Structures are given as C-alpha cells and as structure tokens.
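Chemist: Give me coordinates for this.
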Amino acid sequence: QVQLVESGGGLVQPGGSLSLSCASSKRIFNLYRVAWYRQALGKQRELVADMNSIGTIQYADSVKGRFTISRDKVKDTVTLDMDSLKSEDTAVYYCLWNGRRTPEDPAVDYWGQGTQVTVSS
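Modeler: Have a look, this model is predicted:
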C-alpha cells in the first residue's frame with residue numbers, strides 16, 4: 001500500500017512563506033504526474049500546481065508567480081514552495097501522485113492525507 005505523507009503546513013502571517021513536502025512510503029515505478037490541490041472550508045478542491053513526467057508545469061492563476069512546485073527524484077519527494085501568502089491561500093493542501101507501483105500495476109492516483117495551511121495575522 002502506497003501512502004503519501006505531507007509535511008510543512010502551519011500558521012503564517014500574510015506575506016510570509018511556507019514550504020510543503022510530500023513523500024511516498026514506497027517507491028513508485030513510473031510516476032506520470034505530481035500535483036498539489038487545496039480545499040478551503042466550504043469550497044471545492046482545486047488544482048494549485050502540477051508537473052508531468054517530462055517536467056511541464058502549470059499553476060492556477062491565483063498562485064502564479066508566488067508558488068513553485070518541484071520534484072527531487074533522488075529523495076523521491078515533491079515540494080510546494082509558497083511565497084507572498086495571502087489569507088485566501090488558507091486551505092487544506094493535498095499532494096497527488098499518479099503512477100504505476102510496479103510495471104504490472106495500472107496507473108492510479110495516490111493522495112496524501114492533507115496538511116492545513118492558515119494565513120492569518
């Protein structure tokens with residue numbers, strides 16, 4: 001069973017920075033896509049940033065220029081660096097990895113349990 005574990009959430013003042021990290025409990029044979037989503041209270045989950053297997057990255061308009069997604073293939077982690085945080089960035093952040101656990105497995109989505117980010121003074 002693959003488990004994704006996020007870390008790095010917390011409380012930060014507006015204008016501050018946080019870095020979220022996501023690691024897998026087991027190595028995934030083929031990783032096709034990694035992404036960060038967020039869900040604010042009372043709202044639908046939305047895509048924040050994602051990266052495909054060839055490194056193409058896309059960001060939600062609301063975070064462009066402030067957030068950076070990256071992947072460390074050696075450490076097998078995915079990071080979301082968040083700068084110039086705003087109160088509207090407050091949400092639970094989830095990482096998603098899409099890939100094959102082994103060559104024989106189908107590609108599936110693996111989700112983390114979520115980490116709370118609160119931007120408040």
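Chemist: Show me the residue sitting in the middle of this protein in space.
Modeler: Trp36 (2.8 Å; CA atoms, centre = their mean).
Chemist: What strands flank the helix or strand encompassing Ala23, and is each parallel or antiparallel?
Modeler: Per DSSP states H and E: Ala23 is located in strand 18-24. Sheet pairing of strand 18-24 (DSSP bridges) gives strand 4-7 (antiparallel), strand 77-82 (antiparallel).
Chemist: Mind listing residues that contact the helix or strand where the residue nearest to the centre of the chain lies?
Modeler: Element membership for Trp36 (DSSP H and E) is strand 30-39. The contact list for strand 30-39 (CB atoms under 8 Å, 6 or more residues apart in numbering) reads 20, 22, 45-53, 69, 71, 78, 80, 89, 91-100, 103, 107, 114, 117. (C-beta placed from N, C-alpha, C; glycine too.)
Chemist: repeat that with 7 Å
Modeler: For strand 30-39, the external contacting residues (CB atoms under 7 Å, 6 or more residues apart in numbering) are 45-53, 69, 71, 78, 80, 91-100, 107.
Chemist: Ignoring the adjacent residues along the chain, who's closest to Ser87?
Modeler: Of all residues not flanking Ser87 in the chain, Val119 sits nearest, at 5.1 Å (CB to CB, 6 or more residues apart in numbering).
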